[in-house]
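**Q** Quick one: sequence plus predicted model below, questions after.
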There are 2 protein chains.
Amino acid sequence: MTTTRLTLAAPCCALGAPPVSSAEAESIAPMFKALGDPARLRLVSLIAAQPEACVCDLVAAFPLSGPTISHHLKVLRQAGLVDCERRGTWVYYWVRPEALAQLSALLGRPTSAAASR
Amino acid sequence: MTTTRLTLAAPCCALGAPPVSSAEAESIAPMFKALGDPARLRLVSLIAAQPEACVCDLVAAFPLSGPTISHHLKVLRQAGLVDCERRGTWVYYWVRPEALAQLSALLGRPTSAAASR
DNA sequence: ACTCTGTTTCGACATCTGTCAAGATAAGCA
DNA sequence: TGCTTATCTTGACAGATGTCGAAACAGAGT
């Protein structure tokens, strides 16, 4: 059945040479899922465009209600993609570079990916 | 109230300097969403680990039924992450490097991102 | 015809999305 | 101190969407 499993030594290609383990997938998939909503993707993008972002700015940038934005931010927080801190009246959010690095590393370096097809 | 938008010339940073537009988010989010399931993440990983992967091998690698695997593959196909072709009895899947490149480009290279925190 | 492979259809069940209302925390002012 | 306002989060809810398996269907080879 199993077509001869390739033993490519090439360490270059998309998604990394060693297939993602079941445990890895369980821990990383929630991050992708969190980015799988247009509103959340834009939220992360807006937060990443600045060192920190105030929630009031984020709410103003979307046609969504405050609670909804807060919900999305909670999802992003629980996924480990962003973190926040309350300073006085306002709450500030910032991205966690190490989380994005993990995802980027998993996707590989596409610029160097062999144009296999 | 937007804190002064950074005018960093560095093209390096997380999620790209210009925030993702609404239209971009709508078109890219489905890809992340497709990767947001552990089974699909592993599927893409397994497919990417070889030039091509036969469905029979993929089904054998999961504790899920054939129809379920087929369903997940359809989601990945519709998201544009993989493509397939029937050759005789078997169906072969391969990843679309340009799609992964798009996602990776969006995530940027956070390792070189300013250690803002 | 028969078998094998893979997809599609259909249904049950669970999870997610977005809104309203209420709660928690902090600042401003008398 | 006490009252008021502003900011943000949480809880509860209806509607939409996703997950998965059983059965039925379609292609390719024997």
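**A** Noted; the coordinates are in hand.
**Q** Near A:Leu107, how many other residues are there?
**A** A:Leu107 has 24 neighbours, counted by other CB atoms under 10 Å in any protein chain shown. Backbone N, C-alpha and C define where each C-beta goes, glycine included.
**Q** Kindly apply the preceding question to A:Leu46 instead.
**A** 19.
**Q** Could you do A:Ala61 as well?
**A** 16.
**Q** For it, give me phi and psi.
**A** Dihedral pair for A:Ala61: phi -90, psi 0, per degrees, to the nearest 10.
**Q** Work out for me the element the closest residue to it other than its chain neighbours sits within.
**A** What sits nearest to A:Ala61 in space, not counting adjacent residues and going by CB to CB, 6 or more residues apart in numbering or on different chains, is A:Leu46, at 6.1 Å. In the assignment (DSSP states H and E), A:Leu46 maps to helix A:38-48.
**Q** what's the helix or strand for the nearest residue to A:Glu85 once chain neighbours are set aside?
**A** Leaving aside its sequence neighbours, A:Glu85 sits nearest to A:Tyr92 (CB to CB, 6+ apart; 5.7 Å). Assessed by DSSP H and E, A:Tyr92 sits inside strand A:90-95.
**Q** buried set for that strand?
**A** A:91-95 (16 or more other CB atoms under 10 Å in any protein chain shown).
**Q** Please list which of these are also close to DNA strand D.
**A** Counting by CB under 7 Å from any atom of the strand, the subset of these that neighbours DNA strand D consists of A:Val91.
**Q** quick one: which two of the buried residues of strand A:90-95 are the most distant?
**A** Greatest spacing in these, by CB to CB: A:Val91 and A:Val95 (14.8 Å).
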